[in-house]
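[1] structure, please.
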Amino acid sequence: MGDYMGQRIIDGAYTYDFVISKRPDLKDGIDNYLTAQGHTDLIAQTQTTTEQA
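    Numbers count the residues shown, from 1 in each chain. So this is what the prediction gives:
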């Protein structure tokens, strides 16, 4: 599931902060996937959740 959500973040369907706010249990998997795909720039450190639903 972390890989899937990581890809959805890359595709722009969701923001990192939004996904982590809803599914914090996937953070490690998402971080690993984004890092492996060369998208560490998408790993945000803030927790604002005014993005998409």
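[2] what backbone torsions are found at the residue nearest to Val19 when sequence neighbours are not counted?
    What sits nearest to Val19 in space, not counting adjacent residues and going by CB to CB, 6 or more residues apart in numbering, is Met5, at 5.3 Å. (Each C-beta comes from the backbone N, C-alpha and C, glycine too.) The phi and psi values for Met5, taken as degrees, to the nearest 10, are phi -70, psi -30.
[3] what sits against Met5?
    For Met5, the set of contacting residues under the criterion of CB atoms under 8 Å, 6 or more residues apart in numbering consists of 14, 19, 23, 26, 29-30.
[4] one more time with 10 Å
    13-14, 16, 19-20, 22-23, 26-27, 29-30, 33-34 (CB atoms under 10 Å, 6 or more residues apart in numbering).
[5] pLDDT value on it, please?
    Per-residue pLDDT puts Met5 at 97.
[6] what is the neighbour count of the closest residue to Ile20 other than its chain neighbours?
    Closest residue to Ile20 in three dimensions, ignoring its sequence neighbours and counting by CB to CB, 6+ apart: Lys27, at 5.5 Å. Applying the criterion other CB atoms under 10 Å, we find 15 residues in the vicinity of Lys27.
[7] list the helices and strands the helix or strand encompassing Lys27 packs on?
    In this structure, Lys27 sits in helix 27-36 according to DSSP states H and E. Here helix 27-36 is seen to pack against helix 2-11, helix 16-22 when contacts are counted using 3 or more CB pairs under 10 Å, 6 or more residues apart in numbering; DSSP states H and E.
[8] between the contacts of Met5, which is closest to Ala44?
    Closest approach between the contacts of Met5 and Ala44, by CB to CB: Tyr16, at 4.6 Å.
[9] neighbours around that closest one, how many?
    Taking other CB under 10 Å as the neighbour definition, Tyr16 ends up with a count of 23.
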